[in-house]
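> Provided below are the primary sequence and the corresponding predicted coordinates.
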Amino acid sequence: MTPDQGMERTMTDHGAAQQLILRYWNALDRRDYPAMLDLLTEDVEWKVSAMCEGRAAVAAELEKRPSNMVVRHIISNIVVDDAPEGQEVFFLLTAFGRLTEDGDKPPYPLELPQILGDIRATVVERDGQLRISRIAASPVFRAAHRP
């Protein structure tokens with residue numbers, strides 16, 4: 001393999017890891033939990049809104065989310081590094097959220113973000129598919145008032 005081929009493969013791997021992260025948060029925002037859970041390994045370490053071990057525990061945690069909660073996540077400053085087990089993905093996450101009331105329709109009034117945090121995720125290949133094996137959030141800023 002030439003150096004150019006190695007660089008091309010690395011960029012492809014990094015792009016695939018980045019797409020996985022974006023698909024994960026997109027599925028969460030749409031409340032498409034089956035699609036989101038399918039992007040996780042069976043033994044995932046999930047430290048986002050709670051600490052969970054395993055896909056089933058994450059699914060149980062997601063079911064606790066209020067049905068009237070609307071959230072959108074903005075992902076930025078993505079950095080992907082090679083790691084022994086796959087790729088480490090670092091990024092900033094900004095979340096806007098609102099609890100809706102009967103009859104509320106978008107567009108909803110926009111308020112300050114609910115949270116801005118550093119996220120670290122490990123992306124690995126399992127059964128020929130990229131999956132998230134670990135994801136951890138470290139809040140940096142949190143709104144004084146949360147819905």
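Structure received. Small disclaimer: the values here were computed from a predicted structure and weren't measured.
> assign the spatially most central residue of the chain to helix, strand or coil.
Nearest to the mean C-alpha position of the chain, counting by C-alpha atoms, centre = their mean, stands Trp25 at 4.3 Å. Secondary structure state of Trp25, per DSSP: H, G, I helix; E, B strand; the rest coil, is helix.
> what helix or strand is the nearest residue to it once chain neighbours are set aside on?
Excluding its sequence neighbours, the residue lying closest to Trp25 (C-beta to C-beta, 6 or more residues apart in numbering) is His73, at 4.6 Å. Backbone N, C-alpha and C define where each C-beta goes, glycine included. Using DSSP states H and E, His73 maps to strand 69-83.
> which strands and helices lie in contact with the very next helix or strand once past that strand?
Later in the chain than strand 69-83, the nearest helix or strand by DSSP H and E is strand 86-99. The helices and strands touching strand 86-99, judged by 3 or more C-beta pairs under 8 Å, 6 or more residues apart in numbering; DSSP states H and E, are helix 3-29, strand 69-83, strand 115-126, strand 129-142.
> strand partners (parallel or antiparallel) of the third one?
I take that to be strand 115-126. strand 86-99 (antiparallel), strand 129-142 (antiparallel) (DSSP bridges).
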